[in-house]
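# sequence and predicted structure below; questions after.
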Amino acid sequence: MTHGQCLCGAVRFTIDGPVRDIFVCHCSICRRLHGGAATYSACEMDELHMDSADELRHFEVAEATYSFCGTCGARLFWRRPSLSYVAVSAACLDQPTGLHTLGHIFVGSAGDYEDLSTALPKHVEYSDSPVA
């Protein structure tokens, strides 16, 4: 089981199943939402259980629902209705996670200040092959 929470602890959750390793997302939505690149894991939607969710808030943009804590503002999840999984902010997962960073996605939208010199794979979008 994997546990996580927002900064203030008002929203807490448990993932009862496998958790995907991390992608660092550089899309313009994540950059604006998180103040920079965002680290996301994922799990099957039916394996995410809310332990405390009174302060969980949602908003929609670009056909996705983004969830955050209404008290501290921590960004927690995003989901598209067509997908069986929910993306979970890796920063909200309790340590140790045992997860590894798989690569960078949406690097074409990265801020001009971002250093992408890492040896990790870089993808123009989520599902395409790495770019040099």
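It's in. Model, not experiment: these values are computed from the prediction.

# ok, the residue lying closest to residue 68 once chain neighbours are set aside to residue 27 distance?
Closest residue in space to residue 68, ignoring its immediate chain neighbours: residue 75 at 5.0 Å, by Cβ to Cβ, 6 or more residues apart in numbering. C-beta here means a position set from N, CA and C on the backbone, and glycine is covered the same way. Here residue 75 is placed at a distance of 13 Å from residue 27 (Cβ to Cβ, to the nearest Å).

# neighbours around residue 89, how many?
22 (other Cβ atoms under 10 Å).

# tell me the contacts of it?
Under the criterion of Cβ atoms under 8 Å, 6 or more residues apart in numbering, the contact partners of residue 89 comprise 4, 38-41, 74-77.

# and for residue 109?
Under the criterion of Cβ under 8 Å, 6+ apart, the contact partners of residue 109 comprise 26-28, 31.

# confidence score at it?
Predicted confidence (pLDDT) for residue 109: 91.

# phi first, then psi, for it.
The phi/psi pair for residue 109 (degrees, to the nearest 10) reads phi -100, psi 0.

# mind listing the helices for the protein?
In chain order, the chain shows helices spanning 28-34, with DSSP state H as the criterion.

# what about the strands in it?
With DSSP state E, the ranges of strands along the chain come out as 2-5, 12-15, 22-25, 38-44, 48-52, 56-61, 64-69, 75-79, 85-89, 101-105, 122-123, 130-131.

# where in this structure is pLDDT low?
Per-residue confidence of the chain (counting by pLDDT under 70) places the weak regions at 127-132.
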